[in-house]
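> Need the 3D shape of this:
(one chain, ligands or ions: 1)
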Amino acid sequence: MQIIFKTNNDQSIEIGEETSLLRASIRHKAGIPFKCGGGMCGTCICTINEGMEHTNKLTKKELNILNEEQIKSSKRLACQTIVNGTVSVSWDKKK
Ligand code: FES
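From the prediction side, this is the model:
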């Protein structure tokens with residue numbers, strides 16, 4: 001299974017076991033922004049471009065932070081999103 005970090009020049013990594021998007025991003029220096037790492041701050045908001053079916057269900061923390069429109073447009077919190085198959089992800093580059 002693969003994670004494609006579209007915003008980081010389509011960086012593509014292989015993952016051997018399920019992992020959170022944020023953990024994979026940190027390990028491979030893909031650059032998804034984050035602060036708390038625990039579903040509180042909303043900094044790690046990203047868009048699952050493909051492969052939402054290979055992720056966990058929205059967590060309670062995501063339901064607290066994301067509004068309906070964001071949920072409809074495939075937004076997730078990278079620190080809360082567990083990947084168990086190929087996905088591609090993008091995010092806003094800020095600052
Ligand atoms: S890093 Fe704070 S919500 Fe994900």
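> Leaving out chain neighbours, which residue sits closest to residue 15?
Nearest non-adjacent residue to residue 15, counting by C-beta to C-beta, 6 or more residues apart in numbering: residue 1, 5.5 Å away. Yep, even glycine has a C-beta here, placed from its N, CA and C like the rest.
> these two touch, right, that neighbour and residue 82?
No. Using C-beta atoms under 8 Å, residue 1 is not in contact with residue 82; the gap is 11.9 Å.
> mind listing what residue 32 touches?
Going by C-beta atoms under 8 Å, 6 or more residues apart in numbering, residue 32 touches 5, 7, 21-22, 25, 44, 46, 78, 89, 91.
> Now the two most distant members of the residues you listed.
7 and 22 (13.8 Å; C-beta to C-beta).
> Looking at those two, which has the bigger crowd around it?
residue 22 (22 against 17; other C-beta atoms under 10 Å).
> Give the helix, strand or coil label for residue 24.
helix (DSSP: H, G, I helix; E, B strand; the rest coil).
> so where's the protein shaky on pLDDT?
Within the chain, the stretches with pLDDT under 70 are 94-95.
> Let me see the ranges of the helices in it.
21-27, 60-65, 68-72 (DSSP state H).
> how about the second one against the ligand, any contact?
Put plainly, it is helix 60-65. No. Helix 60-65 lies out of reach of the ligand by C-beta under 6 Å from any ligand atom, never closer than 6.6 Å.
> what's the residue most central in space within the chain in contact with, if anything?
Residue closest to the average C-alpha location in the chain (C-alpha atoms, centre = their mean): residue 78, at 3.1 Å. Applying C-beta under 8 Å, 6+ apart to residue 78 gives the contacts 20-22, 25, 32, 34, 44-46, 89, 91.
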